[in-house]
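Student: Have a look at this prediction, sequence included:
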Amino acid sequence: MNVTLRQLRVFIEVARLASFSRAGDQIGLTQSAVSRCVRELEAEIGVRLVDRTTREVQLTDVGANLIASISRLISDLDDALREIREIGEQRRGRVVVAASPTVACRLMPQVVADCGRQFPYVTLGLRDDVQSDVVHKVRSGEVDFGVIIGPFAADDLETEALTTDSFCVVVRRDHELARREQVGWRELDGERLVMLDYASGSRPLIDAVMSEHGVRAPVVQELGHSATVFGLVEAGVGISVLPWLALPVPAGSSLVARALVPRAKRTVELVRRRDRSLSPAAEAVWALIRQVGGHPEELR
């Protein structure tokens, strides 16, 4: 049986208006085209659906039964198509993004807030994980995409540079380095360091820069979260080197941050699987992060 959606829609209008001509006017077809659609539908089903007279069109009993059934089906189909269209127009869907802790702390709150305003029917879930876990979740498909510290390269993943960030030294106000407007990397030589551990995407970059400048400084504590780093620095355990996006320091603390020179930059990158297309909703969030992350000075 080869019944078309067009035939069914024409038949519904004929039944509703009890007229071929009025149905044609309503849906933009000639009377003869409407009549032909109904005849073709009757031929496919093998029964008469309407009785035609010179003055009116009346449904047969079979036609009335068919109308009762297909009207519900067409309504359900229209609802389903409308929902799909809304998804295609980026108005509905769930998007899950994983981000490295410093990025999640400083960049993603603004993204979540903007997403709620711009795309009220998009549910945005945020996962704040260490960099290795972010990459794993992107690869496994557990999240739609991630935001990580770069430069990062992998054959199975596609990255896009979002912004750049540099590093600062965090010390107590009573520390000698706090009196400087900026601090040279070499001035860290001999200082006790409280650092983020190697799960952080920034730590290998910091170690490389210190090695390049010949800095020899003992690392006395390695931690997973910048909030704990701040606490130990304030307690006098040591000083720390952190990316600017890990700031601000806690309100009311005795800590200050000073730029490290020459400036060493890291990149913040969006990452996704090469073999997996993003949904329209995820594409919208990707573009939103690109927009918000394009102004790093506003995040400090």
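Tutor: Received the coordinates, thanks.

Student: which residue ranges form the strands in the chain?
Tutor: Using DSSP state E, the strands of the chain run over residues 50-52, 57-59, 93-99, 122-128, 145-150, 157-165, 167-172, 182-184, 193-196, 219-223, 240-243, 255-261, 266-273.

Student: Contacts only, for Val95.
Tutor: Val122, Thr123, Leu124, Gly125, Asp144, Ser279, Ala281, Ala282, Val285 (C-beta atoms under 8 Å, 6 or more residues apart in numbering). Just so you know, the C-beta spots here come from the backbone N, C-alpha and C atoms, and that holds for glycine as well.

Student: Apart from its neighbours in sequence, what residue is nearest the fourth one?
Tutor: In this structure, Gly125 finds its nearest non-sequential neighbour in Val96, 4.2 Å apart by C-beta to C-beta, 6 or more residues apart in numbering.

Student: From Leu126, how far out is the one you found?
Tutor: 8 Å (C-beta to C-beta, to the nearest Å).

Student: just Gly141 next, same as before
Tutor: Gly141 is 17 Å from Leu126, by C-beta to C-beta.

Student: Quick check on the two: which one has the bigger neighbour count.
Tutor: When neighbours are counted by other C-beta atoms under 10 Å, Gly141 and Leu126 differ, and Leu126 comes out ahead with 17 against 10.

Student: what residues are up against the more buried one?
Tutor: Counted by C-beta under 8 Å, 6+ apart, Leu126 has contacts Val96, Val97, Ala98, Ala99, Ala104, Met108, Val112.

Student: make it 10 Å
Tutor: 95-99, 104, 108-109, 111-112, 115, 143, 147 (C-beta atoms under 10 Å, 6 or more residues apart in numbering).

Student: Can you pull out the low-pLDDT segments for the stretch 101-250 of the chain?
Tutor: For the stretch 101-250 of the chain, no stretch is flagged by pLDDT under 70.

Student: Can you get me a residue count around the nearest residue to Glu13 once chain neighbours are set aside?
Tutor: Using C-beta to C-beta, 6+ apart and skipping the chain neighbours, the partner closest in space to Glu13 is Ala23 (4.0 Å). Neighbour count of Ala23, defined by other C-beta under 10 Å: 25.

Student: No more questions from me, cheers.
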